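# fold the following and give me the result.
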Amino acid sequence: MKTLVLANQKGGVGKSAVATLLAHYFRKLGCRVLAIDLDHQGNFSDPLRKSQRAAMAEVPASALLTQTNPVIPAADFVLVAADRDLSGLERQPGLHNDFANHLRAFLKAMDGRFDVCLIDTNPNPDIRMTTALASADFVLSPIQLNQEALDGVHALLNHPRVGVRKIKNMLNPKLHLIGLLPVMVEATPFQRENFLQLVQKFHPILIPYGPKPGQFASMPRRSAVAEAQAEGLVLWEMKKTAARDAWREIEVTMVVIAKAVLSETPAHTASTAPINGADHGPVAG
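Okay, the predicted model is just below:
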């Protein structure tokens, strides 16, 4: 089982929508999918619950950190939904190591049951994000094209507690950064300028695709994506022309992320970016 964590230290960037699209896309590929929502707001849980595609675990997501051997349904698509108790875990520092060990043991127990585990995390850098990254194979960071988000890339990589580099160096050497994924992209001069800044500063940790250099994965802002998220629909199954058009634009991004996750030997050429050393340094690990 490959475990992919979606992380961003800023809320409202479309992270849960990306997680939902990926969950349905991996199912479309025939993968057995385990979806875990560690954000108490439940923006990953709600659309999957409404879709009625996933079997609902009786235990909440907090139980994966607080309990030993939690039981989930025998199904090929399972959701462990968010719950309010998640927000209180940070205030129990004496149990943080136990939380990490419990989640790691649970994921290990699921290794033969699922092909992919998707974990959506909360934007606040706390024990939930640390615990998820400490047990993950991959991390993907959806970001918006604004200055605040660009400034936040440094925190994502270098936060003293939950920065991706810190986690990789101290807790989880197998962790690979798939990259930054610009989302809700619009064809405006402001966003074009911010995209150019993003490429100039962080091109080694963007997600390349296609035969030409300088092509990077992104997701456009489309009302059909928000509608699918709100109503629990699968984007490419919606009858509206706008939904089908949106899926054609987004599918290439889903393909390249899925290839990176399902690859047995991650490499930068397969859209796995460096997270050690300088921002523009060589691939590490």
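
# any idea how far residue 212 is from residue 198?
Using C-beta to C-beta, to the nearest Å, we find residue 212 at a distance of 18 Å from residue 198. All C-beta spots, glycine's among them, are computed from the backbone N, C-alpha and C.

# quick one: which of the two has more around it?
Neighbours were counted for residue 212 and for residue 198 using other C-beta atoms under 10 Å; residue 198 has more, 22 against 7.

# excluding chain neighbours, what is closest to that one?
Nearest non-adjacent residue to residue 198, counting by C-beta to C-beta, 6 or more residues apart in numbering: residue 150, 6.1 Å away.

# buried set for stretch 169-189?
Buried positions in stretch 169-189, judged by neighbour count with 16 or more other C-beta atoms under 10 Å: 172, 175-185.

# and it, how far apart are its ends?
End-to-end span of stretch 169-189 (C-alpha to C-alpha, to the nearest Å): 39 Å.

# who are the packing partners of the lowest-mean-pLDDT helix or strand in the chain?
Here the helix or strand of the chain ranked lowest by mean pLDDT, DSSP states H and E is helix 147-158, holding a mean of 78. Where contact means 3 or more C-beta pairs under 8 Å, 6 or more residues apart in numbering; DSSP states H and E, helix 147-158 is packed against strand 138-143, helix 164-170, helix 189-202.

# direction included, what does the shortest one pair against?
Within its sheet, and counting by DSSP bridges, strand 138-143 is paired with strand 2-6 (parallel), strand 176-182 (parallel).

# how far off centre is it?
Mean-position distance between strand 138-143 and its chain equals 5 Å (C-alpha atoms, centre = their mean, to the nearest Å).

# repeat for the second one
From the chain centre to the centre of helix 164-170 is a distance of 17 Å (C-alpha atoms, centre = their mean).

# okay, the closest residue to residue 175 other than its chain neighbours and residue 154: tell me how far apart.
Excluding the flanking residues, the one nearest residue 175 by C-beta to C-beta, 6+ apart is residue 168, at 4.6 Å. Distance, residue 168 to residue 154, using C-beta to C-beta: 16 Å.

# so residue 32 touches residue 76, yeah?
Yes: if you go by C-beta atoms under 8 Å, residue 32 and residue 76 touch, sitting 4.4 Å apart.

# do a quick rundown of the strands in this protein.
With DSSP state E as the criterion, the chain has strands at 2-6, 33-37, 55-56, 77-80, 116-120, 138-143, 176-182.

# let's have those in TSV, adding mean pLDDT and distance to residue 248.
As requested, these are arranged in TSV below (pLDDT from 0 to 100; distance: least, C-beta to C-beta, whole Å):
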stretch	mean pLDDT	distance to residue 248
strand 2-6	97	23
strand 33-37	98	23
strand 55-56	98	30
strand 77-80	98	24
strand 116-120	98	23
strand 138-143	94	20
strand 176-182	94	18
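
# next one, pLDDT for residue 212 please.
Looking at residue 212, its pLDDT reads 75.

# just to revisit the earlier point, which neighbours do residue 32 and residue 76 share?
Residues within reach of residue 32 and of residue 76 at once, by C-beta atoms under 8 Å, 6 or more residues apart in numbering, are residue 114.

# settle it for me: which of those two has more neighbours?
Shown here are residue 32 and residue 76; by other C-beta under 10 Å, residue 32 has more neighbours (18 against 15).
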